[in-house]
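Engineer: Structure here, sequence nowhere to be found:
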């Protein structure tokens, strides 16, 4: 099947799946890869969370190698379900 036809059919399928009624306790129906894509977009826009120990290790390694980089510490990180 030609690529454009495949994309159109998959788009229609995704719309059909997402239009279904949700189960109690859920706000939407997700298709495979959608949750991961949202997580990547969020971290690309807002940064990647690091725990304090990892951040300290990276800073120590940077000093050891004579590198300087500004790492913005934004505060405690809590993963939110998408």
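Structural biologist: Arrived safely, thanks for sending. Keep in mind the model is a prediction, meaning the values are calculated, not measured.
Engineer: Now do stretch 6-24, average pLDDT.
Structural biologist: In this model, stretch 6-24 carries a mean pLDDT of 95.
Engineer: and that stretch, how far out from the chain's middle?
Structural biologist: 21 Å (Cα atoms, centre = their mean, to the nearest Å).
Engineer: what does stretch 43-56 give?
Structural biologist: Stretch 43-56 has its C-alpha centroid displaced from the chain centroid by 13 Å (Cα atoms, centre = their mean).
Engineer: Now do that stretch, average pLDDT.
Structural biologist: 85.
Engineer: gap between the two ends of it?
Structural biologist: End-to-end distance for stretch 43-56: 20 Å, by Cα to Cα, to the nearest Å.
Engineer: In which helix or strand does residue 17 reside?
Structural biologist: Residue 17 belongs to helix 3-18 when assigned by DSSP states H and E.
Engineer: What are the boundaries of the helices in the chain?
Structural biologist: For the chain, the helices defined by DSSP state H cover 3-18, 34-46, 52-64.
Engineer: could the ones you listed go into a markdown table alongside distance to residue 26?
Structural biologist: For every residue, glycine as well, the C-beta is placed using N, CA and C. Converted to a markdown table, these look like this (distance: least, Cβ to Cβ, whole Å):
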| stretch | distance to residue 26 |
| --- | --- |
| helix 3-18 | 12 |
| helix 34-46 | 12 |
| helix 52-64 | 33 |
